[in-house]
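Engineer: the following block contains a protein sequence and its predicted model.
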Amino acid sequence: MSSAAEAAEAPGAAEAAEAAPSPADAPPHLDPDRPLRALFRERWFSTLFMTDMWERFSFYGMQALLFLYATAPAADGGLGLSAGTAGALFGLYVSASFLAAMPGGWLGDRVLGTHRAMLSGALVIAAGHACMAVPARTTFYVGLLLVACGTGLLKPNLPVLFDQMNPGADSSRRQAAFSVFYMSVQVSALLGPLITGVLGERVDWHAGFGAAAVGMVLGVLQYLHGAPSLRGARTGPGRPLPPAALRRLVRGAWAGLAAVVLLVAAVAAAGGLPLQPVLALCGLGALVAPVWYFRRLLRGPELGAAERARIRDYRRIFVPSVLFWAMYGQLGSVFSLFAREHTDREIAGFTVPASWFQSAHPLFLLLLAPLFAWLWLRIGSGLGVVRKFAAGLLCAAAGFAVLAGGAWSAQGAELPVSPLWLLAAFLCMTCGELVFGPVGLSATAETAPEGHRSRMMGLFYLGAALGAGLGGQLSRLVGVLPLWTYLAGFAGAAVVTALLLARSATLRTGRTTA
């Protein structure tokens, strides 16, 4: 992996030339031979950890509230949408957050640099949640758009900066380090649904959205405090735009912003747009964007033959990741529906809010991430990314199969079923994410050509956008098919895809050996 690792690990030439810190000013980083627990003693790690912690607080808080708020009757302060439409809206939110990672990664590579891109993203997320705290339907949708755009700026640039702070790491150690990072940020992901959920369900929906805004403001303040500890915190983009192109971009951005403001004002004056066409249009965008970017990247003159070959090979793991993220996108919609409608939530006379079950996912991540970090170090590169993805799909299939069993048991039952069905499904999906998250991020970092790292991370999230968008559209079938049939269909598709992946890896290994 020599050329891939160099492209993924070395800062761009422009970054190094613009602001190469002196040895005295250079922040400490993780030596490849030091144990992973050394990460927790690094100031740069705590800075990135706290930033992502508050972003995860925002994301999981939204995941806990959005579907429930959308399906709540208008008399109770909700949007009054059907379960299918609310599921599509939730899928749109997740898809748009991931879809925005593509332009967000481009801005990090060509215009802002990773530091300014992350800071701008955190500020936009905070502004979005502040808009959603206002009890009005228009400000809710504007805030939802801002949160998605801010997430698109922050998410693809944060793992690039994290990877830059781990120079010299091999593939298995990189995967283990990302697993540790996954574990660390789950503290806020665990608390997010508990805090925003109880405020939203028991006090006011918009109070829950406002709590996420407060969290993101705290995240911005601590990031500014710790930014000097980050390598490249004062550098610009890895492959900056020429001045003339940058000026054209700025003029176009101002014109686009003015157009968006006028469009929002016109829509608000007209009483709003029908939701269904908007959902369909965004789903189409999530489908087209990955295909367009793969073609553009492969036909670009700046890549050599070896880099194009790596990107073509990357498509082998991009396609199955779409299926996993389509299943992951159901956690905040179909899983929430199961929690509210079919789960026994009574404990000693206390009714557990349905949103609290969303904390099971980050709790399992927190508990299992050290095990998976140890597992990647133990296995090393012997298993291969494709076989690991096959195992991750089987975990997701098991989660949906378990929940299908719970839905089958709930059919025609007078009493709701045990919460163990739902918790077991969350456990299996967590195991799947601990494969597709760290391993996918690591494989993307290794594949990325020099000067394209943030955009390659954006491409990784495009797969998640496509999956979440498709999952959101397919969730409309919940109102047509029995719930257990819907869940079993996803489980079956995941099993078939996992078997095909494992077979392709075996055939590829056989050809290499021959």
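Structural biologist: Ah, there it is. Numbers count the residues shown, from 1 in each chain.

Engineer: show me the shaky parts of the stretch 301-450 of the chain.
Structural biologist: The stretch 301-450 of the chain contains residues with pLDDT under 70 at 301-303, 376, 380-382, 448-450.

Engineer: so where do the strands sit in it?
Structural biologist: Secondary structure of the stretch 301-450 of the chain by DSSP state E, counting those that start in this stretch: the strands cover 346-347, 350-351.

Engineer: quick check, pLDDT for Trp484.
Structural biologist: In the predicted model, Trp484 carries a pLDDT score of 90.

Engineer: what about Ala75, neighbour count?
Structural biologist: 7 (other C-beta atoms under 10 Å). For glycine as for every other residue, the C-beta is placed from the backbone atoms N, C-alpha and C.

Engineer: ok, so what distance separates it from Gly84?
Structural biologist: 21 Å (C-beta to C-beta, to the nearest Å).

Engineer: thinking again about what came up before, can you lay out the strands of the stretch 301-450 of the chain as JSON lines showing distance to Ala189 and mean neighbour count?
Structural biologist: Listed next are the strands of the stretch 301-450 of the chain as JSON lines, based on distance: least, C-beta to C-beta, whole Å; neighbours: other C-beta atoms under 10 Å:
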{"stretch": "strand 346-347", "distance to Ala189": "22", "mean neighbour count": "10"}
{"stretch": "strand 350-351", "distance to Ala189": "23", "mean neighbour count": "9"}
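
Engineer: for these, give me JSON lines that also has distance to Leu367.
Structural biologist: Putting the strands of the stretch 301-450 of the chain into JSON lines (distance: least, C-beta to C-beta, whole Å) gives the following:
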{"stretch": "strand 346-347", "distance to Leu367": "21"}
{"stretch": "strand 350-351", "distance to Leu367": "24"}
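
Engineer: which of those strands sits closest to Thr485?
Structural biologist: With C-beta to C-beta as the measure, strand 346-347 is the member of the strands of the stretch 301-450 of the chain nearest Thr485 (27.9 Å).

Engineer: helices of the stretch 201-350 of the chain, residue ranges please.
Structural biologist: 205-226, 243-269, 275-299, 305-328, 334-342 (DSSP state H, counting those that start in this stretch).

Engineer: now mean neighbour count too, for those, in a markdown table please.
Structural biologist: Output for the helices of the stretch 201-350 of the chain, formatted as a markdown table (neighbours: other C-beta atoms under 10 Å):
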| stretch | mean neighbour count |
| --- | --- |
| helix 205-226 | 21 |
| helix 243-269 | 11 |
| helix 275-299 | 15 |
| helix 305-328 | 19 |
| helix 334-342 | 23 |
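
Engineer: in a markdown table, list those along with distance to Val111.
Structural biologist: Shown next, in a markdown table, are the helices of the stretch 201-350 of the chain (distance: least, C-beta to C-beta, whole Å):
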| stretch | distance to Val111 |
| --- | --- |
| helix 205-226 | 19 |
| helix 243-269 | 7 |
| helix 275-299 | 17 |
| helix 305-328 | 22 |
| helix 334-342 | 37 |
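
Engineer: between the ones you listed, which one is closest to Trp374.
Structural biologist: Here helix 305-328 is closest among the helices of the stretch 201-350 of the chain (C-beta to C-beta), at 22.3 Å.

Engineer: who does that closest one touch, helix- and strand-wise?
Structural biologist: Here helix 305-328 touches helix 2-9, helix 275-299, helix 385-410, helix 420-447, helix 453-474, helix 483-513, going by 3 or more C-beta pairs under 8 Å, 6 or more residues apart in numbering; DSSP states H and E.

Engineer: looking at the ones you listed, which is buried most?
Structural biologist: helix 453-474 (a mean of 28; mean count of other C-beta atoms under 10 Å).

Engineer: and it with helix 420-447, angle?
Structural biologist: Compare the direction of helix 453-474 with that of helix 420-447 by axes from the mean of the first three to the mean of the last three C-alpha atoms, to 10 degrees and you get 150 degrees.

Engineer: so how far is helix 453-474 from its chain's centroid?
Structural biologist: Its chain's C-alpha centre lies 8 Å from the corresponding centre of helix 453-474 when counted by C-alpha atoms, centre = their mean, to the nearest Å.

Engineer: give the rounded mean pLDDT of it.
Structural biologist: 73.

Engineer: and it, what other elements does it pack with?
Structural biologist: helix 83-99, helix 101-107, helix 137-164, helix 275-299, helix 305-328, helix 420-447.

Engineer: turn those into JSON lines, including distance to Glu414.
Structural biologist: Below are the helices and strands packed on helix 453-474 laid out as JSON lines (distance: least, C-beta to C-beta, whole Å):
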{"stretch": "helix 83-99", "distance to Glu414": "21"}
{"stretch": "helix 101-107", "distance to Glu414": "46"}
{"stretch": "helix 137-164", "distance to Glu414": "37"}
{"stretch": "helix 275-299", "distance to Glu414": "35"}
{"stretch": "helix 305-328", "distance to Glu414": "30"}
{"stretch": "helix 420-447", "distance to Glu414": "17"}
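
Engineer: between those helices, which one is nearest to Ala126?
Structural biologist: Per C-beta to C-beta, nearest to Ala126 of these: helix 137-164, 7.7 Å.

Engineer: buried residues in that closest one?
Structural biologist: Buried residues in helix 137-164, counted by 16 or more other C-beta atoms under 10 Å: 139-164.
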